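Colleague: here's my sequence, what's the structure:
(2 chains)
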Amino acid sequence: DTGVSQNPRHKITKRGQNVTFRCDPISEHNRLYWYRQTLGQGPEFLTYFQNEAQLEKSRLLSDRFSAERPKGSFSTLEIQRTEQGDSAMYLCASSTRNTIYFGEGSWLTVV
Amino acid sequence: QKEVEQNSGPLSVPEGAIASLNCTYSDRGSQSFFWYRQYSGKSPELIMFIYSNGDKEDGRFTAQLNKASQYVSLLIRDSQPSDSATYLCAVNSYYIGNQFYFGTGTSLTVIP
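Modeller: Numbering: from 1, shown residues only, chains lettered A, B, ... in the order given. As a prediction, this is how the structure comes out:
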């Protein structure tokens, strides 16, 4: 499978715990995006990497969220001190130039 | 003002009919336009993209772009029950970073 891979696919965590999601992009894609999607809404931009550089970060992203892409390969998205409002599907996408392809998403439920 | 706006629907069409989905965008500098299909509980799947004014056809799907009116649409011919999903419109502009802005999606139901 040469698509975008995300794991874990589902995560249930207690409020206040930290969670980390991993994304493995399509191998030749140098751009990587993280989005968040809640029910009835379109994907909401969180952050964007070109190779290992984090070029953009949404103003809506609180300091509890951090993302990395060491060596320009896989990426991780960490949410610290989770809140119930963080419950959503976290989508990773990668692109070469003008088109982005999504992974299957990671569902987070904060209880 | 939202960057991308779509009618949330739901839109219902009978099997075999043409489904028409519409999208408007606010940034005149937008250069690339995309349609994604999203089944319930799944991630968005790219259907097609369009960069130039006019029509672009791919099988049963036709994307239409009118930059002067800041309008992009998706036509689905010979609609099938398997086309029942939420359709997301997305736009991209180099002038506002390299973000892809998504609408909230239009829910389509094809009735057998």
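Colleague: what's the neighbour count on B:Y36?
Modeller: For B:Y36, the number of neighbouring residues by other Cβ atoms under 10 Å in any protein chain shown comes to 26. C-beta: built from backbone N, CA, C; applies to glycine.
Colleague: that one bridge partners, please.
Modeller: Each beta-bridge partner of B:Y36 is listed here, defined by DSSP bridges: B:L46, B:L88.
Colleague: contact residues of chain B facing chain A?
Modeller: Where chain B comes near chain A, counting by Cβ under 8 Å from any Cβ of the partner chain, the residues are B:4, B:8, B:32, B:34, B:36, B:42-46, B:49, B:51, B:88, B:90, B:92, B:97-105.
Colleague: in what helix or strand does the most centrally placed residue in chain A lie?
Modeller: Per Cα atoms, centre = their mean, the C-alpha nearest to the average position across chain A is that of A:W34, at 3.7 Å. For A:W34, the host element (DSSP states H and E) is strand A:31-37.
Colleague: now residue 66: closest residue in space, sequence neighbours ignored.
Modeller: Going with chain A. A:E78 (5.1 Å; Cβ to Cβ, 6 or more residues apart in numbering or on different chains).
Colleague: if you could check chain B rather than the one you did, that'd help
Modeller: Closest to B:N66 by Cβ to Cβ, 6+ apart is B:N53, at 6.3 Å.
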